[in-house]
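1. Give me a model of this one.
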Amino acid sequence: MKKILLMCVMAIIFCISVNAHANEDMFKPVKAEVFYYGWDVETRTRLSPDDVRNRYWTKINIVNEHEVEQFIKWLELDKMTKISVHEEDTRLVIDLYDLNGKRVTYYASTFNLCSEDSVFKRRIDKEFKEKFTFQANGL
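-> Model (predicted):
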């Protein structure tokens, strides 16, 4: 009987620890910060995400969880594919934050939306660019 009880306790501890690790790996954004520098600005060197964060023209904060969720769906991150690593000239930075303050970053060049490490990418189009270019939208 003691062996069975001990095995049950050990199984419960194992399940709790597995569940705790699974929750650590889950990232649920609740806030988004978008930094836009300009699609057509000529620079002497390639801009990094930090450069754009420090010299942005436009900054957008999204703090409503539902709007963050809709924004992420609009980004179509699921369409990003693994491509050879090639850092691109950053023009837009998207920082997503969870409740614990953990940040996941994506950036866009004039051609692609990229993961922070530049491994995953998807092409962007005129509609994507115009979303962040307020002059083109007549504002």
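
2. The chain: strands as residue ranges?
-> With DSSP state E as the criterion, the chain has strands at 31-36, 58-62, 81-82, 92-97, 103-108, 112-115, 120-123.

3. Of all those strands, which one is nearest residue 45?
-> Smallest distance to residue 45 across the strands of the chain (Cβ to Cβ): 15.4 Å, for strand 103-108. Where C-beta positions appear, they are placed from N, C-alpha and C, glycine not excepted.

4. which residues are contacting that closest one?
-> Strand 103-108 is contacted from outside by 27, 29, 49, 52, 75, 77, 88, 90-97, 113-116, 124, 128, using Cβ atoms under 8 Å, 6 or more residues apart in numbering.

5. got the angle for it vs strand 31-36?
-> Put simply, strand 103-108 runs at 30 degrees to strand 31-36, going by axes from the mean of the first three to the mean of the last three Cα atoms, to 10 degrees.

6. quick one: strand 103-108 to strand 92-97, angle?
-> 160 degrees.

7. chain center to strand 103-108: distance?
-> Put simply, strand 103-108 sits 4 Å off its chain's centre (Cα atoms, centre = their mean, to the nearest Å).

8. Now do that strand, average pLDDT.
-> In this model, strand 103-108 has an average pLDDT of 97.

9. repeat for stretch 125-136
-> Averaged over stretch 125-136, pLDDT sits at 82.

10. Go through it and flag the buried ones.
-> For stretch 125-136, burial by neighbour count (16 or more other Cβ atoms under 10 Å) applies to 128, 129, 131, 132, 133.

11. now the residues you listed in TSV, with distance to residue 42?
-> Putting the buried residues of stretch 125-136 into TSV (distance: Cβ to Cβ, whole Å) gives the following:
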residue	distance to residue 42
128	21
129	16
131	22
132	18
133	16
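
12. So which of those is the closest to residue 60?
-> Nearest to residue 60 out of those is residue 132 (Cβ to Cβ; 7.8 Å).

13. Surely that closest one and residue 36 touch.
-> Yes - here residue 132 lies in contact with residue 36, judged by Cβ atoms under 8 Å, at a distance of 4.6 Å.

14. Mutual contacts of the two, please.
-> Taking Cβ under 8 Å, 6+ apart as the criterion, residue 132 and residue 36 both touch 58, 60, 92.
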